[in-house]
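Participant: test case, fold it:
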Amino acid sequence: MARQREFDKQQVIERAMLLFWQQGYEATSMRDLQKATGISSSSMYEVFGDKRALFLAALAYFCTLERAKVAQMADMVPTPQAFLEQLFASVELVALPDSRTQGSMAFNAMVEFGTQDTDITTLLLAHYFGIAEIIAAVMKQGQADGMITSQESPENLAFTILSTLQGLATVKGVKPDFPYVHAITQLIVKLLKL
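Facilitator: This is a model prediction of the structure:
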């Protein structure tokens, strides 16, 4: 008779996500993961396969949270301009009270892995395009409502916005008090009226 699992798989993924987010993939050992998740290495290997598979599950979960946050912003703000201001004000879209988590886990993974791992690259590209779709939908609706007068396609606007946001996140990662956030945000908002 097979033994029942004595842990919650989703909770393990969430705890692993926090650890990978704080330390990165390479700096996180299996022993670190065991300590953070509270499960044995045999259980971890049985359920997830290996450290990389657990990382992929944790990264996928983070990406889901981050896209949900952008979608929530898109639904809650009254204008595309307000959406952009909120988006740029919260460069770290998924933020936790734990000061050890820095920036976006997805962005951190992009920097750590580059294009070395096809599965991670595929996951991150899908995530990036998913966020761009949300932004493009806001731009398209703004054009339909007359709040955006730019004749650029919603997709072009979305990728310009997202690329600028990623660049700003990079700079803020090394200089959290970067003084040009507001000026950059206002320039991006002006793009909507060109």
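Participant: quick one: least confident helix or strand in the chain?
Facilitator: Sorting the helices and strands of the chain by mean pLDDT, DSSP states H and E puts helix 41-48 at the bottom, at a mean of 86.
Participant: who are the packing partners of the helix or strand following that one?
Facilitator: Note on helix 41-48: by DSSP states H and E, the next helix or strand toward the C-terminus is helix 51-76. Here helix 51-76 touches helix 9-23, helix 30-37, helix 41-48, helix 80-89, helix 105-113, helix 118-144, going by 3 or more CB pairs under 8 Å, 6 or more residues apart in numbering; DSSP states H and E. No exception for glycine: its C-beta is placed from N, CA and C like everyone else's.
Participant: buried residues in the third one?
Facilitator: Pointing back at helix 41-48 there. 43-44, 47-48 (16 or more other CB atoms under 10 Å).
Participant: related to what we said a few turns ago, tell me which of the helices and strands packed on helix 51-76 sits nearest to residue 183.
Facilitator: Proximity to residue 183 (CB to CB) singles out helix 80-89 among these, at 10.5 Å.
Participant: give the rounded mean pLDDT of the closest one.
Facilitator: The average pLDDT for helix 80-89 rounds to 92.
Participant: mind giving me TSV with the helices and strands packed on helix 51-76 and columns for distance to residue 67?
Facilitator: Output for the helices and strands packed on helix 51-76, formatted as TSV (distance: least, CB to CB, whole Å):
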stretch	distance to residue 67
helix 9-23	15
helix 30-37	24
helix 41-48	23
helix 80-89	13
helix 105-113	10
helix 118-144	5
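Participant: what does stretch 29-39 rub up against?
Facilitator: 7, 11-12, 15-16, 18-19, 23, 40-41, 44, 51, 54 (CB atoms under 8 Å, 6 or more residues apart in numbering).
Participant: taking the residues you listed, tell me the two that lie furthest apart.
Facilitator: Taking CB to CB as the measure, the contacts of stretch 29-39 span a maximum distance of 21.3 Å, between 7 and 23.
Participant: thinking again about what came up before, JSON lines for the contacts of stretch 29-39, including distance to residue 70?
Facilitator: Formatted as JSON lines, those follow (distance: CB to CB, whole Å):
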{"residue": "7", "distance to residue 70": "31"}
{"residue": "11", "distance to residue 70": "25"}
{"residue": "12", "distance to residue 70": "26"}
{"residue": "15", "distance to residue 70": "24"}
{"residue": "16", "distance to residue 70": "23"}
{"residue": "18", "distance to residue 70": "20"}
{"residue": "19", "distance to residue 70": "24"}
{"residue": "23", "distance to residue 70": "25"}
{"residue": "40", "distance to residue 70": "37"}
{"residue": "41", "distance to residue 70": "36"}
{"residue": "44", "distance to residue 70": "31"}
{"residue": "51", "distance to residue 70": "29"}
{"residue": "54", "distance to residue 70": "25"}
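Participant: of these, buried ones?
Facilitator: The buried subset of the contacts of stretch 29-39 (16+ other CB under 10 Å) comprises 12, 15-16, 18-19, 44, 51, 54.
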